[in-house]
Every structure is written in structure tokens, then in C-alpha cells.
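1. Next come a sequence and a model predicted from it.
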Amino acid sequence: MENTTQPLLFLNDILKEINKKDKLHFKRINSNIINVKKNFPLEFEELLDLVFNYYNFVHLSPNQISNDYLKMINDYRIDGLYFYKHGKYRCENQQMAYKNVYSNSEIMSYYMNALLISQILWKHHFNIYMYFQSQLKVLFNNSEKLKVLDVGPGHGFFSYLVKKNFTQYEKMDLVDISETSLLMTKKIIGYDEDKIKYFNKDIFLFDETNKYDFIVLGEILEHLDNPKEILLKLANLLNKDGMFWITTPTNSPAIDHVYLFNNKEEVLELVKSAGLEIVDSKSFIAEDVDEETANKKRITNLVGLFCKKK
Ligand SMILES: C[S@@+](CC[C@H](N)C(=O)[O-])C[C@H]1O[C@@H](n2cnc3c(N)ncnc32)[C@H](O)[C@@H]1O
């Protein structure tokens with residue numbers, strides 16, 4: 001069997017399992033996959049390889065992956081019902097998220113396995129990587145010796161793309177509160193002599209005095225009680241001309257989402273209130289609707305933005 005077909009066959013097996021267990025959901029993600037494969041064939045193959053290698057490494061079968069994934073979808077449905085009824089997220093604060101999710105290796109394990117496959121199954125997750133990569137080329141010179149901090153890397157796809165595009169990067173520090181999550185990051189990003197360091201820590205307890213050129217905050221703000229606090233802390237760790245990459249979803253009920261953004265403007269306002277200036281931003285809506293409809297119907301919009309200090 002050829003190496004390039006193996007990940008695709010594996011993915012097809014996962015999709016078949018999802019179809020067997022949840023036909024309606026399968027329909028939704030299958031149309032995403034068809035579009036993504038058509039529009040970004042090489043990039044899709046590259047991310048699928050990362051996903052495939054990870055699952056292979058930890059010996060997860062398509063059956064197990066589909067079960068983990070559908071468990072997460074079921075969690076979303078429960079949190080979604082609460083959200084649409086009460087207009088707020090069910091998880092009340094970050095301490096509760098830590099107790100119920102990050103410190104629970106059983107939950108964290110199926111959640112992270114599921115989030116990993118969602119990076120290629122969901123169009124808003126996949127498309128944000130395409131935007132991120134294209135903007136890296138516009139905003140940076142790829143020979144820059146970047147010092148990078150990734151907060152809550154999870155699967156670590158953003159750092160993977162930075163490492164690939166900036167081969168002369170100077171260092172990469174990755175900080176995650178969850179041990180389970182960081183184990184996944186380590187397997188996906190790996191090591192590079194002493195240039196890559198992993199820290200199993202709450203970012204609020206991360207004491208670093210050296211400054212960074214690029215700080216990645218992928219889907220973190222919505223996990224915090226007071227997201228402005230983290231922006232202020234991290235702005236102190238950013239070099240004068242350094243850049244932040246921030247992503248966060250609006251209207252996105254989940255077991256560990258605490259802070260509700262109702263629309264993209266609220267995200268941009270929060271970032272500006274922390275003394276940061278938006279360089280570029282884009283919306284990635286989870287369904288095929290425009291932004292106004294997404295806001296009205298409270299459909300998730302994954303906002304991606306680059307910003308720097310004023
Ligand atoms: C949804 S995942 C995000 C993964 C990835 N960065 C992305 O953009 O998709 C959230 C990650 O943030 C981590 N996390 C949540 N609160 C944190 C905190 N206070 N300090 C460090 N990591 C945190 C979680 O353990 C998890 O790995």
C-alpha cells in the first residue's frame with residue numbers, strides 16, 4: 001500500500017464509522033471534507049498526515065476515534081441545549097473547567113482525540129489554518145529567527161506550521177495546563193535539540209522574563225474568567241515589534257468554555273482594550289451562513305486575528 005493513500009483510507013474508515021453511528025452528523029462533515037479536499041488538496045494531505053501519524057503512534061483505531069469524536073459531539077449538544085435556553089455557557093468558571101475537564105485524564109483524552117480530528121473535519125477549523133499560513137507569509141519574513149510562545153497548544157498545529165515556515169526560529173516554548181493535552185503536542189511537534197520546551201503549567205503561573213516575537217493563543221480566551229488579564233500579562237512578554245496570533249469562537253457552547261463572546265466585535269474590542277492594535281482579522285463561520293445570520297442565530301464564528309502592541 002502506498003504511504004499517501006494510507007492516511008486517506010484511515011480517514012475513510014473513521015468517516016464510515018461516524019456514518020454508521022450518526023448519519024445526520026456524517027452528512028454535515030462529509031460535505032466539508034469534499035470542499036476542503038477540492039480547495040486545498042496538498043494542505044489537507046499534510047494535516048491529515050499529522051493526524052494519522054498521531055493516531056497510529058498511540059494505536060487508536062477508526063472505531064475508537066469515531067466513538068471519542070461522537071462523545072464530544074454529544075457533549076456539544078448538551079452544552080448547546082443549555083446555552084440556547086439560558087443564553088450563557090454551562091461551565092461557570094475556569095476553576096470548574098480545570099476540575100471537570102483539564103485535570104481529568106479520561107475526559108481530556110477523548111476530548112483531545114476528538115478535537116484533533118475536528119481540525120480537518122470542520123471547515124472553520126481547517127480554513128483558519130489556511131488563513132494563518134497565508135498571513136504568515138504576508139506579515140513576516142520567513143528567515144526571521146523567531147522566539148515563539150504557544151499557550152494551550154493542544155494538538156499544536158499552529159506551532160507545527162510556524163516551525164515548518166520559519167526554519168531558522170530561535171526557540172519555541174509551549175505551555176499547557178493539561179498534561180494529557182501536552183503529551184499530544186509533544187508527539188505532534190516533537191523536539192529540536194534544546195530549541196523546543198514544553199511546560200505543563202497554567203499560563204497565569206508561567207514566569208518568564210525573556211520576551212517573544214510571536215505569541216500564539218489558539219482557542220484560549222473563551223476558557224478564561226477574565227480573558228483581558230491574559231492579554232495584559234502576555235503583552236508584557238511580547239517584544240516591541242512582536243505579534244500575537246489569537247483565535248477564539250463566538251457562541252460556542254462546550255464543556256470547558258467559560259467566557260461568552262456574542263460576536264466578532266466583542267472579541268476585537270477586548271483585544272483593543274488590552275492596548276493591542278489589530279493588524280488583520282477574519283471570521284470562520286461553522287455553517288454555511290453569513291456573519292449577520294450567524295450572530296442572529298448564535299452560530300459559532302471562529303475569529304482569527306493578528307495584533308501587536310500600539
Ligand atoms: C481548545 S484547546 C486549543 C488547542 C489549540 N491551541 C487550538 O487552537 O485549537 C484549549 C487548550 O488550552 C489549554 N488551557 C486551557 N486553560 C489554560 C491555561 N490557563 N493555561 C494553559 N493552558 C490552558 C487546554 O488544556 C487545552 O489544551
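-> Great, that's in hand.
2. neighbours of Ser61, just the number please.
-> Neighbourhood size, Ser61 [other Cβ atoms under 10 Å]: 13. (Each C-beta comes from the backbone N, C-alpha and C, glycine too.)
3. and what of the one 4 residues further on?
-> Taking other Cβ under 10 Å as the criterion, the count of residues near Ile65 is 23.
4. Provide the secondary structure category for the closest residue to it other than its chain neighbours.
-> With Cβ to Cβ, 6 or more residues apart in numbering as the criterion, Ile65 has its nearest non-adjacent residue at 5.2 Å, and that residue is Ile14. Going by DSSP: H, G, I helix; E, B strand; the rest coil, the secondary structure assigned to Ile14 is helix.
5. quick one: Ile177 from Ile230, how far?
-> According to Cβ to Cβ, to the nearest Å, Ile177 and Ile230 sit 12 Å apart.
6. So for the two, which residues contact both of them?
-> Common contact partners of Ile177 and Ile230 (Cβ atoms under 8 Å, 6 or more residues apart in numbering): Ile203.
7. just checking, the residue nearest to Ile65 touches Asp68?
-> No. Contact criterion Cβ atoms under 8 Å: Ile14 and Asp68 do not qualify, at 10.2 Å.
8. out of these two, which sits in the busier spot?
-> Using other Cβ under 10 Å as the criterion, Ile14 and Asp68 rank with Ile14 on top: 23 against 20.
9. on that earlier part again, which of Ile177 and Ile230 has more residues huddled nearby?
-> Remark: of Ile177 and Ile230, Ile177 carries more neighbours, 24 against 18, as counted by other Cβ under 10 Å.
10. Over to that one: give its phi and psi.
-> When read as degrees, to the nearest 10, the backbone of Ile177 gives phi -70, psi -20.
11. so who does it touch?
-> By Cβ under 8 Å, 6+ apart, the contact set of Ile177 is 98, 102, 152, 200-203.
12. how far away is the residue nearest to Ile65 from Gly154?
-> For Ile14, the distance to Gly154 equals 19 Å [Cβ to Cβ].
13. And for Asn100?
-> Distance of Asn100 to Gly154, given as Cβ to Cβ: 17 Å.
14. try Lys21
-> Lys21 is 24 Å from Gly154, where distance means Cβ to Cβ.
15. These two: which has the busier surroundings?
-> Looking at Lys21 and Gly154 with other Cβ under 10 Å, you find the greater number of neighbours at Gly154, namely 23 against 15.
16. tally of neighbours for the spatially closest residue to that one that is not a sequence neighbour?
-> Leaving aside its sequence neighbours, Gly154 sits nearest to Ser181 (Cβ to Cβ, 6+ apart; 5.3 Å). Neighbour count for Ser181, taken as other Cβ under 10 Å: 23.
17. List phi and psi for Ser181.
-> Phi and psi for Ser181, reported as degrees, to the nearest 10, are phi -60, psi -40.
18. Contacts for stretch 265-285 next, please.
-> The contact list for stretch 265-285 (Cβ under 8 Å, 6+ apart) reads 123-125, 127-128, 131, 135, 138-139, 221, 227-228, 231-232, 235, 243-244, 246, 248, 250, 261, 264, 291, 294, 299-310.
19. ok, of the residues you listed, which come out buried?
-> Taking 16 or more other Cβ atoms under 10 Å as the criterion, what is buried in the contacts of stretch 265-285 is 123-125, 127-128, 131, 135, 221, 227, 231, 235, 243-244, 246, 248, 250, 261, 264, 294, 299-309.
20. for the ligand, what are the nearby residues on the stretch 201-310 of the chain?
-> Residues of the stretch 201-310 of the chain lying close to the ligand (Cβ under 6 Å from any ligand atom) are 202-203, 218-220, 223, 247.
21. Swap in 5 Å and give it another go.
-> Residues of the stretch 201-310 of the chain found near the ligand (Cβ under 5 Å from any ligand atom) are 202-203, 218-219, 223.
22. Out of those, which end up buried?
-> Buried among those (16+ other Cβ under 10 Å): 203, 218-219, 223.
23. For burial, what's the neighbour tally of Asp207?
-> For Asp207, the count of nearby residues is 5 (other Cβ under 10 Å).
24. how much space is there between it and the ligand?
-> Using Cβ to the nearest ligand atom, to the nearest Å, Asp207 is found at 13 Å from the ligand.
25. Repeat that for Lys38.
-> Distance from Lys38 to the ligand, counting by Cβ to the nearest ligand atom: 24 Å.
26. Can I get the helix or strand where that residue lies in PDB? Just the C-alpha atoms.
-> When elements are assigned from DSSP states H and E, Lys38 belongs to helix 23-39. Extracted in PDB, the C-alpha atoms of helix 23-39 (Å, rounded to 0.1, in the frame of the first residue of the first chain):
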ATOM      1  CA  LYS A  23     -25.900   9.600   9.800                       C
ATOM      2  CA  LEU A  24     -27.000  13.200  10.200                       C
ATOM      3  CA  HIS A  25     -23.700  14.400  11.500                       C
ATOM      4  CA  PHE A  26     -21.800  12.400   8.900                       C
ATOM      5  CA  LYS A  27     -23.700  14.300   6.100                       C
ATOM      6  CA  ARG A  28     -22.600  17.600   7.500                       C
ATOM      7  CA  ILE A  29     -18.900  16.700   7.900                       C
ATOM      8  CA  ASN A  30     -18.700  14.800   4.600                       C
ATOM      9  CA  SER A  31     -19.600  17.800   2.600                       C
ATOM     10  CA  ASN A  32     -16.900  19.800   4.500                       C
ATOM     11  CA  ILE A  33     -14.300  17.200   3.700                       C
ATOM     12  CA  ILE A  34     -15.200  17.200   0.000                       C
ATOM     13  CA  ASN A  35     -14.900  21.000  -0.200                       C
ATOM     14  CA  VAL A  36     -11.600  21.200   1.700                       C
ATOM     15  CA  LYS A  37     -10.000  18.400  -0.300                       C
ATOM     16  CA  LYS A  38     -11.000  20.100  -3.500                       C
ATOM     17  CA  ASN A  39      -9.800  23.600  -2.500                       C
END
